[in-house]
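S.K.: Pasting a predicted model and its sequence here:
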Amino acid sequence: MRPTADRRRRPGADGAALPLCLPLPPALPGRVLPEFSVPCVGAFDDPDFRFSIDWDGARTLLFASTGAIRLQSETLADVSDRYPEIVAAALPLTPRSAVLDGVVAVLDPSGCPDLVALGERMALGAATQQRLPAVYLAIDLLHLDGRGIMGLPLDRRLELLRGLAPPDPRIQVPDWVVGEGEALADAAAPRHLPALLARRGSAHYHPGMASPERLRIPLQHRAHCLVVATDRVLGSTRLRRLRLAEYQGSRLTEAGTADIAETSMLWRWAAPGGRMRSPLIATVDYRSRGADGGLRGVEVVTLRDDIDPVWCIRRDPVPPPLSQPVPARGFRPTVLSALPLEVSPPVA
Amino acid sequence: MWRGAISFGMVAIPVRMYLANESKGVSFRLLCPRDGAPLRNKRWCPVEECEVGWNDAVRGFEVGKDEYVRIEDEELDNLPLATTRTIEILEFCDDSEIDAGVYVKGAYYLEPEAVGVKPYQLLRKALEKTGKVAVGKVALRDREHLCRLALHERAILLNTLHWPDEIRDLGQLALPDAEVEIHARELEMAVMLVENLAARFDPARHRDGYRDAVQGLVEAKLNDQPLERIPSPPLAQITDLMAVLKASVEASARQRQAALGGEAEPERATATARRRRAS
């Protein structure tokens, strides 16, 4: 006879065999959209905000459930195979179920994330894990023990995250600073760190949108652009000119050009057999923006496929929260046109 | 590799020129994945979809996208290239006047022909005595190069130089000007760091680690030996970096606190917040 799971009866009280009624494994969501940031003009001090570094890397969500670890990229793709060392390092988490938000990075010897090395790692794959080991920098906790905790305040989520991280150097929980954004920016800028992240301590997690309570304060001129076309550079048989675009007001507009050597490992990865991957995102450093918003003095840092193209957005930064009477509004990307008419489709 | 003469004034010194260095970078041949045969490049015409032989191909100078001016070999032969088979000395100058770091391209040894030993030695002695180097022009592989002749041990060394318009302008870089304020202690510390690593340059102490690793890999595969795994360095900790940043933030807070005359630190942030709100 099948044992009943009557919770009012004490099992074994009448001498019968104990019912094998295990609790269901905690359910995890299949996919979770990450929360994005609203660009902010500059650093500020505010005791309500937690300031951390916006680490150079690949935004990745880590799903831990009974005996299994799964990594999900910003594009909702399963990237577990790309970083087997992170999957192995996170296995001690699996007695519990959890979803972590974080960044996969390759660190240089000083402990600073190296985006060029990560680009190489992404292009060459897991075979290079010995030379270019990846680490997971956890910055938030979204689910724990089968319960969604996105509605808890950030401070509480960070407290739970600190108690969860396994003692393995491949899973790290970077520290943050309370209130002191300007001093952290002064300390971080000389170390070529790309940006600060300012998150309100009482904020909930808003998946799939740029939250006004999560501000990105740039320390370098860096942008993610969609590569919409490529040309050969006149007079050179070895250079490829990338034509870059960003979404502005929901329309894709040209952002500038950048050259890359055809013999480079990155380009060989980006255009296997001469046919360019699509979509392809270029993370670039630039000297300045022109009056039209276009990028000047552009240099490719890396090419990648882990960023959702709809988030290659050019948007005016908001002022710091305390200096504006009305709080900043969040946004979601809206895409009205995939390509502007004047931009030709990708060519080999 | 090249025979000609150094020419200056009425003097001509017959010399042979040899490469002073060789590239030992790692290079691989591309092979067919099925039978391992080395692959060859073909000159392919995409319009007619056929192969074009070396002797049938003609030169084109690209003037626009898919626009070429066709140049025949005879037309190139008729161009003035006065320095053919001659290293034409134009002037002698101090070596320090040539910014070798950006101008020097290639290095070649000059060896005198049997009949040119005496004038070669004479030129060497003259360069030695005056402390000057010669600047001239030489044609190599159908191209005219600016060049420098200087003493190198018992030989005369020829360096090909970039033309002035090939040197990129520094104006595009955001370089610090001399007005940046540097404290004496900072400079002292920087000088100390330099002096700690100061050593006499000995090229033999430096090796191409990547080339050695590839050679080790090839030898291991040839001898069917297991590949030696290079132990990976311990992973850096992001917490170390954050500790440095936090220490900097705390030091900055202490400085501000001292400047404010000991006002409680948590109040400072709130004060900033109030100030911002008021503005």
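M.R.: Received it, and whenever you're ready, just let me know what you need.
S.K.: ok, which residues in the stretch 151-300 of chain A are in contact with chain B?
M.R.: Contact residues, the stretch 151-300 of chain A versus chain B (CB under 8 Å from any CB of the partner chain): A:169-170, A:172, A:174-177, A:179-180, A:183-184, A:186-188, A:191, A:231, A:234-235, A:287, A:297. Every C-beta, even on glycine, is put in place using the N, C-alpha and C of the backbone.
S.K.: Please repeat the previous calculation with a cut-off of 6 Å.
M.R.: Contact residues, the stretch 151-300 of chain A versus chain B (CB under 6 Å from any CB of the partner chain): A:169, A:172, A:174-175, A:177, A:179-180, A:183-184, A:187-188, A:234-235.
S.K.: Save these as CSV, and put in neighbour count and distance to residue A:138 too.
M.R.: Listed next are those as CSV, based on neighbours: other CB atoms under 10 Å in any protein chain shown; distance: CB to CB, whole Å:
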residue, neighbour count, distance to residue A:138
A:169, 15, 13
A:172, 24, 7
A:174, 21, 8
A:175, 15, 12
A:177, 22, 17
A:179, 25, 22
A:180, 27, 22
A:183, 23, 24
A:184, 28, 19
A:187, 21, 22
A:188, 26, 19
A:234, 13, 47
A:235, 9, 48
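S.K.: For residue A:168, the count of nearby residues, please.
M.R.: 18 (other CB atoms under 10 Å in any protein chain shown).
S.K.: So it sits against residue A:90, correct?
M.R.: No: Residue A:168 is not in contact with residue A:90 according to CB atoms under 6 Å; the separation is 8.0 Å.
S.K.: re the thing from before, spatially, which two of the residues of the stretch 151-300 of chain A next to chain B are the most separated?
M.R.: A:179 and A:235 (54.3 Å; CB to CB).
S.K.: rewinding a little: would you list the residues of the stretch 151-300 of chain A next to chain B in JSON lines and tack on distance to residue A:135, pLDDT and secondary structure?
M.R.: Formatted as JSON lines, these follow (distance: CB to CB, whole Å; pLDDT from 0 to 100; DSSP: H, G, I helix; E, B strand; the rest coil):
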{"residue": "A:169", "distance to residue A:135": "7", "pLDDT": "87", "secondary structure": "coil"}
{"residue": "A:172", "distance to residue A:135": "6", "pLDDT": "92", "secondary structure": "strand"}
{"residue": "A:174", "distance to residue A:135": "10", "pLDDT": "92", "secondary structure": "coil"}
{"residue": "A:175", "distance to residue A:135": "15", "pLDDT": "91", "secondary structure": "coil"}
{"residue": "A:177", "distance to residue A:135": "21", "pLDDT": "93", "secondary structure": "strand"}
{"residue": "A:179", "distance to residue A:135": "27", "pLDDT": "91", "secondary structure": "strand"}
{"residue": "A:180", "distance to residue A:135": "26", "pLDDT": "91", "secondary structure": "strand"}
{"residue": "A:183", "distance to residue A:135": "26", "pLDDT": "93", "secondary structure": "helix"}
{"residue": "A:184", "distance to residue A:135": "21", "pLDDT": "94", "secondary structure": "helix"}
{"residue": "A:187", "distance to residue A:135": "22", "pLDDT": "91", "secondary structure": "helix"}
{"residue": "A:188", "distance to residue A:135": "19", "pLDDT": "91", "secondary structure": "helix"}
{"residue": "A:234", "distance to residue A:135": "42", "pLDDT": "72", "secondary structure": "coil"}
{"residue": "A:235", "distance to residue A:135": "42", "pLDDT": "68", "secondary structure": "coil"}
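S.K.: Now do the same for the closest residue to residue A:182 other than its chain neighbours: its pLDDT.
M.R.: Nearest residue to residue A:182, sequence neighbours excluded (CB to CB, 6 or more residues apart in numbering or on different chains): residue A:43, at 4.6 Å. Looking at residue A:43, its pLDDT stands at 93.
S.K.: tally of neighbours for residue A:43?
M.R.: With other CB under 10 Å as criterion, residue A:43 counts 22.
S.K.: for residue B:31, phi and psi?
M.R.: When read as degrees, to the nearest 10, the backbone of residue B:31 gives phi -120, psi 160.
S.K.: State the mean pLDDT of the helix or strand harbouring residue B:189.
M.R.: Per DSSP states H and E: residue B:189 is located in helix B:184-196. For helix B:184-196, mean pLDDT rounds to 87.
S.K.: what separates the helix or strand just after that helix from the chain centre, distance-wise?
M.R.: Under the assignment DSSP H and E, the closest C-terminal helix or strand after helix B:184-196 is helix B:209-222. Centre-to-centre, helix B:209-222 and its host chain are 26 Å apart (CA atoms, centre = their mean, to the nearest Å).
S.K.: Run through who's touching stretch B:62-78.
M.R.: A:234, A:235, B:59, B:60, B:61 (CB atoms under 6 Å, 6 or more residues apart in numbering or on different chains).
S.K.: How about stretch A:72-91?
M.R.: Everything outside stretch A:72-91 that qualifies as a contact, by CB under 6 Å, 6+ apart, is A:31, A:34, A:59-62, A:64, A:69-71, A:104, A:126, A:129, A:134, A:136, A:168, A:170-171, A:306-308.
S.K.: Also stretch A:208-227?
M.R.: A:33, A:35-40, A:43, A:54, A:188-189, A:193-196, A:198-200, A:203, A:242, A:244-246, A:255, A:280-286, A:307, A:309, A:312, A:327-332.
S.K.: Next step: the residues you listed restricted to strands.
M.R.: Among those, DSSP state E puts A:36-39, A:195-196, A:198-200, A:242, A:244-246, A:255, A:281-285 in strands.
S.K.: Now list the buried members of those residues.
M.R.: A:36-39, A:195-196, A:198-200, A:242, A:244-246, A:255, A:281-285 (16 or more other CB atoms under 10 Å in any protein chain shown).
S.K.: which strands and helices sit next to the strand or helix carrying residue B:149?
M.R.: Per DSSP H and E: residue B:149 is located in strand B:143-152. Judged by 3 or more CB pairs under 6 Å, 6 or more residues apart in numbering or on different chains; DSSP states H and E, the packing partners of strand B:143-152 are strand B:132-140, strand B:155-161.
S.K.: Quick one: list the elements packing against the longest one.
M.R.: Right, the one you point to is strand B:132-140. Strand B:132-140 packs on strand B:86-94, strand B:143-152, going by 3+ CB pairs under 6 Å, 6+ apart.
S.K.: Quick check: which of those strands is buried the most?
M.R.: Mean neighbours per residue, mean count of other CB atoms under 10 Å in any protein chain shown, is largest over these for strand B:143-152, with a mean of 18.
S.K.: Could you list the domains of chain A?
M.R.: A:36-218, A:222-319 (automatic domain parsing).
S.K.: want to try JSON lines for the ones you listed, with distance to residue B:258 as columns?
M.R.: Listed next are these as JSON lines, based on distance: least, CB to CB, whole Å:
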{"stretch": "domain A:36-218", "distance to residue B:258": "14"}
{"stretch": "domain A:222-319", "distance to residue B:258": "30"}
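S.K.: just those domains: most buried one?
M.R.: Sorting the domains of chain A by mean neighbours (by mean count of other CB under 10 Å), the first place falls to domain A:36-218, with a mean of 19.
S.K.: for that one, the distance to its chain's centre please.
M.R.: Computed by CA atoms, centre = their mean, the separation of domain A:36-218 from the middle of its chain amounts to 7 Å.
S.K.: what's in contact with the host helix or strand of residue A:258?
M.R.: For residue A:258, the host element (DSSP H and E) is strand A:251-261. For strand A:251-261, the external contacting residues (CB under 6 Å, 6+ apart) are A:225, A:233, A:238-246, A:267, A:284, A:294-295, A:298, A:300, A:336-337, A:339-340.
S.K.: How about stretch A:106-125?
M.R.: Outside stretch A:106-125, the residues that reach it (CB under 6 Å, 6+ apart) are A:55-57, A:105, A:128, A:132, A:134-135, A:266, A:269, A:301-302, B:236-238, B:240-241.
S.K.: Could you pull up the mean pLDDT of that stretch?
M.R.: The pLDDT scores in stretch A:106-125 average 90.
S.K.: swap in stretch B:55-75?
M.R.: 85.
S.K.: Cool, thanks, talk later.
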